[in-house]
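Chemist: below are the sequence and a predicted model; questions follow.
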Number of protein chains: 2
Amino acid sequence: MMNSSEQDVDRAAKAAAGAAAETASAPAATRARWLRAVADELDAHRDELVAIADEETHLGEGRLTGEVGRTTGQLRLFADAIEEGSYAEAIIDHAAPEATPPRPDLRRVLRSIGPVAVFSASNFPFAFSVAGGDTASALAVGSPVVVKAHSAHEQLSARTAELVSDALREAGAPEGIFGIVYGRQAGQQLVQHPAIKAAGFTGSVAGGRALYDLASGRPDPIPFYGELGSVNPVVVTRAAAEERGDELAAGLVGSFTLGVGQYCTKPGLVFVPSGSGFEDAVAQRANGASGGRMLTDGIASAFGAGLGALAEAGGVEVLSGRAEQDGAGDEHTPVLLAVDAAVAAEHPEVYFEECFGPVTLLLRYGSDEELVTALQQVPGSLTGTVHAQPQDDINGLVGVLSDRVGRLLFAGWPTGVAVTWSQQHGGPWPATTSAHTSVGVTAMRRFQRPIAFQDAPAEVLPAELREENPLGIPRRVDGVLQVA
Amino acid sequence: MMNSSEQDVDRAAKAAAGAAAETASAPAATRARWLRAVADELDAHRDELVAIADEETHLGEGRLTGEVGRTTGQLRLFADAIEEGSYAEAIIDHAAPEATPPRPDLRRVLRSIGPVAVFSASNFPFAFSVAGGDTASALAVGSPVVVKAHSAHEQLSARTAELVSDALREAGAPEGIFGIVYGRQAGQQLVQHPAIKAAGFTGSVAGGRALYDLASGRPDPIPFYGELGSVNPVVVTRAAAEERGDELAAGLVGSFTLGVGQYCTKPGLVFVPSGSGFEDAVAQRANGASGGRMLTDGIASAFGAGLGALAEAGGVEVLSGRAEQDGAGDEHTPVLLAVDAAVAAEHPEVYFEECFGPVTLLLRYGSDEELVTALQQVPGSLTGTVHAQPQDDINGLVGVLSDRVGRLLFAGWPTGVAVTWSQQHGGPWPATTSAHTSVGVTAMRRFQRPIAFQDAPAEVLPAELREENPLGIPRRVDGVLQVA
């Protein structure tokens, strides 16, 4: 375990503050160049990085290679997005001296919020870590970044940070724009450091809540964008179970066992029609599914404990796999559990708790009423999935799930998270601490704040707000949205 | 003093929750109709409302009549904005089965966050109260509202609430969409009620911080959008003081004494060149300026205490007015203070503290360095103002102020806040608790959250996301912003 000293953390935060003005005022095209330089550097060292990552995380070469591609693609997508320019949300209202009261010339734009603390995740050593989505979206909008590395992959973090720093330096980015610190105490210090103006986090409910409380408890509270925990409910209608049960069973098992079940979008609660034979189909598939070594001993132990508690809860049956998997370091194998939805809905704090790892709980429902009543007890989640047939009326289900999730799926499985303009990776507490996304282009909005210029001389206006629109970006002028 | 019972608060919050689904799914055109009905009802009862308000707040008929117009204009602006449709931030990415990995059809939109608690302000009995900006922006996006009335104008609040409720009912809005509660305890209960999903607040730092801590401390934290305190620094350059000192002095006195100094945007710190004669010009004008009765005895007492502390701080001179104004209920008159900027910058916690009421502090600076050093100690504010001449190089000033404020003015005075698309009424802590605005069209964003639909059948999609764009709203489709 690596641990940064108090001085190290202070130095990194102050260096970020020192770089803030220059980073914020760099033209979007310049920042785009920096992002692409980082992407190129990581791609050039892909094999080296994947080898270190595999050693530390056991996630396998295939998955890790894909994740590097996702990460560098993400950096390039943000570069494209800031060049397009909508992210600045430029709004111009010309003066209206004849109005009552007279209106001044007023121009609004989003700018960097200042230095951002990024807390890496255990389960995505690239895409949600040192050069992941939080870092990319912060740098994109001109916010310097101090990463708190995850203890599960510190060697990889250190090497990635070196490459990021090299790329940024060679691309001419300001000194201090990027730093990294190690250790739990460093993270706590970082989120309370006066120079830090926002934080992004991906991890557990307990860890995220503790940091959220520190961020909110500061003399000057800062926004803490945490992605914490999610059970990702899935509903299979009776018609769907009957008409394509095998296909759905295969998909479900593939999704909940992927990456040894270590996805925040893993389907953890699956509502299935009782007596439909669907659960047998799932059990059959789950029997043959492979497991693997989990990310860390701590995660493996937590999985063992959570699994044990769930399996011992009243009415729970083990349909497939071993309910006792305590040994840290061992291979962990998929487990399929089942219980009546009506029983589970009575004690959501027992049955509807996330268990991070290769397990899912089938919840048998008899009637639609039983299903909806149980769904109303499901905690806020990143995703909700409905597998239905065209003849099903699913409006009620969509209504209930819309209140509880940030992404609603009607085909496929939630473990794939496309990095696109429209992605929403967030949901009501405890899925996230706020109404924002940590994946997709709009993730940038977290690290911006608005500023308005009233009756400003042209020479002090940022390029986005100059009358002649030198960047050719979309803007709203006198109430009308204009695409340049 | 009116006090709602625990049962009253619970009933109002639950009624809001009961109305949430219907309110959120009502078409934008329907919600626009509701907003306009409320505006019409208030306009129709303007004289009655102004009379009650004047009795309770002493703000005068002229100002209060104008404020009703501002309030109903605001309701109509939000109605127009939701019909325009950009507020929904609709994004569509069509499926890309050939991509690696294949991408699903994904469509994102902003929807209501759920029931919102609105805490009224003392100093704007209409525009920041029962039917003010927070209520208007919440209803606009489909969020039910429970208002916590301000104790400074409870009769007005009750009557306004009646009119709002009547108008909404007659316009066919859902039962429970709007409620009101009274008393400090009711407010604390409200912000912690499980049915409430966000809060808007305008008031003091102490009161706002206490509620913010309750909101953040919930088992399920909710966003608390508070506008708290602001000193609103103004810089007058030497050239401006010399070339148009009289005009600026008149403007400054008009601004800091407006409404007996009871504006959150009152210019409280004015940096003036030493030995320029500008302070004499201000003192002369301030001598003749009129005061008035303050909003409440509590506010008057706090003004007296703050004023006394400031006037007694080392090096402070009283240039105009009486530094001892303790009596609650009395007329309060404008006070002009002055101190050296270098002295004040040593103890920002003494000199740079907001004093709500008709007082401003001139800060004499010798050099540009002294000015910038002092500005760096100024706390986060809603506004910053630079009065300069064309020959001045103000880039340094703009840089320092940009970090500290949400709105930067280069002419006029900060006490006017235009209700427009581009307005930004918010700033770094303690000006606001978050990077949002509480005035202007983008204030709506506070009460929305994103949701994405993946591979959804057309019939479950909200109108904003249907392929044929039935509402004709601006959308981003496959990365390209399209104005319908």
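Modeler: On my side now, so go ahead. Everything quoted here is computed from the prediction, not taken from an experiment.
Chemist: run me through the strand neighbours of the helix or strand of chain A with the lowest mean pLDDT, direction for each.
Modeler: Across the helices and strands of chain A, the lowest-confidence element by mean pLDDT, DSSP states H and E is strand A:331-332, at a mean of 88. Strand pairing for strand A:331-332, determined by DSSP bridges: strand A:292-293 (antiparallel).
Chemist: which other residues reach the partner strand?
Modeler: Defining contact as C-beta atoms under 8 Å, 6 or more residues apart in numbering or on different chains, one finds that strand A:292-293 is touched by A:H58, A:G60, A:V260, A:A300, A:G329, A:D330, A:E331, A:H332. Yep, even glycine has a C-beta here, placed from its N, CA and C like the rest.
Chemist: between the residues you listed, which is closest to chain B?
Modeler: Set against chain B, the nearest of the contacts of strand A:292-293 by C-beta to the nearest C-beta is A:G60 (15.9 Å).
Chemist: that closest one and A:L258, how far apart?
Modeler: 11 Å (C-beta to C-beta, to the nearest Å).
Chemist: what comes up buried for stretch A:239-249?
Modeler: In terms of neighbour count (16 or more other C-beta atoms under 10 Å in any protein chain shown), stretch A:239-249 has its buried residues at A:A239, A:A240, A:A241, A:R244, A:G245, A:L248, A:A249.
Chemist: stretch A:371-388 now?
Modeler: A:371-372, A:374-375, A:377-388.
Chemist: first-to-last residue distance for it?
Modeler: Terminal residues of stretch A:371-388 are spaced 14 Å apart (C-alpha to C-alpha, to the nearest Å).
Chemist: determine how far it lies from the middle of the whole chain.
Modeler: 20 Å (C-alpha atoms, centre = their mean, to the nearest Å).
Chemist: CA atoms of the longest helix along chain A as CSV?
Modeler: For chain A, the helix with the greatest residue count under DSSP state H is helix A:61-84. The C-alpha coordinates for helix A:61-84 follow below in CSV (Å, rounded to 0.1, in the frame of the first residue of the first chain):
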residue,chain,number,x,y,z
GLU,A,61,-6.2,-9.4,-21.0
GLY,A,62,-9.3,-9.3,-23.3
ARG,A,63,-11.4,-7.3,-21.0
LEU,A,64,-8.6,-4.9,-20.0
THR,A,65,-7.5,-4.3,-23.6
GLY,A,66,-11.1,-3.4,-24.4
GLU,A,67,-11.2,-1.1,-21.4
VAL,A,68,-8.1,0.8,-22.6
GLY,A,69,-9.9,1.4,-25.9
ARG,A,70,-13.0,2.6,-24.2
THR,A,71,-10.9,4.9,-22.1
THR,A,72,-9.0,6.5,-24.9
GLY,A,73,-12.2,6.7,-27.0
GLN,A,74,-13.8,8.5,-24.1
LEU,A,75,-10.9,11.1,-24.0
ARG,A,76,-11.3,11.7,-27.7
LEU,A,77,-15.1,12.0,-27.5
PHE,A,78,-14.8,14.7,-24.9
ALA,A,79,-12.2,16.4,-27.2
ASP,A,80,-14.7,16.4,-30.0
ALA,A,81,-17.5,17.6,-27.8
ILE,A,82,-15.7,20.7,-26.5
GLU,A,83,-14.7,21.6,-30.1
GLU,A,84,-18.4,21.4,-31.0
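Chemist: now what about the very next helix or strand once past it, what contacts it?
Modeler: Counting by DSSP states H and E, the next helix or strand C-terminal to helix A:61-84 is strand A:91-93. With C-beta under 8 Å, 6+ apart as the test, strand A:91-93 has contacts from A:103, A:105-109, A:465, A:467, A:475-479, B:418, B:420-422, B:442.
Chemist: neighbours around the residue in the stretch 251-400 of chain A positioned nearest to chain B, how many?
Modeler: Nearest to chain B in the stretch 251-400 of chain A, going by C-beta to the nearest C-beta, is A:V398, at a distance of 4.9 Å. Residues near A:V398, counting by other C-beta atoms under 10 Å in any protein chain shown, number 20.
Chemist: spell out which residues of the stretch 201-350 of chain A are next to chain B.
Modeler: Residues of the stretch 201-350 of chain A found near chain B (C-beta under 8 Å from any C-beta of the partner chain) are A:Y212, A:D213, A:S216, A:G217, A:D220, A:P221, A:P223.
Chemist: what sits against the second one?
Modeler: When contacts are counted by C-beta under 8 Å, 6+ apart, A:D213 is found next to B:S216, B:G217.
Chemist: likewise A:I299?
Modeler: A:S122, A:A152, A:Q262, A:F356, A:G357.
Chemist: max pairwise distance over those residues: which two?
Modeler: Greatest spatial distance among those (C-beta to C-beta): A:A152 and A:G357, at 14.4 Å.
Chemist: what residue of chain A is the furthest out?
Modeler: In chain A, the greatest distance from the average C-alpha position (C-alpha atoms, centre = their mean) is reached by A:E98, at 48.3 Å.
Chemist: separation between that one and A:Q482?
Modeler: Taking C-beta to C-beta, one finds A:E98 at 23 Å from A:Q482.
Chemist: residue contacts, A:D54?
Modeler: A:G60, A:E61, A:L64 are the contacts of A:D54 under C-beta under 8 Å, 6+ apart.
Chemist: quick one: which of these has the most company?
Modeler: A:L64 (22 neighbours).
Chemist: surely that one meets A:A127?
Modeler: No. Here A:L64 does not reach A:A127: they are 10.3 Å apart, not a contact under C-beta atoms under 8 Å.
Chemist: now for the buried residues of stretch A:239-249, which pair is the farthest apart?
Modeler: Spatial extent of these (C-beta to C-beta) is set by the pair A:A239 and A:A249 at 15.3 Å.
Chemist: need the residues that contact stretch A:468-484.
Modeler: A:28, A:84-86, A:88, A:90-94, A:463-464, B:80, B:84, B:86, B:421-422, B:474, B:481-483.
Chemist: ok, 7 Å please
Modeler: A:85-86, A:88, A:90-94, A:463-464, B:86, B:421, B:474, B:481, B:483 (C-beta atoms under 7 Å, 6 or more residues apart in numbering or on different chains).
Chemist: for that stretch, buried residues please.
Modeler: A:N469, A:L471, A:I473, A:P474, A:R475, A:R476, A:V477, A:G479, A:L481.
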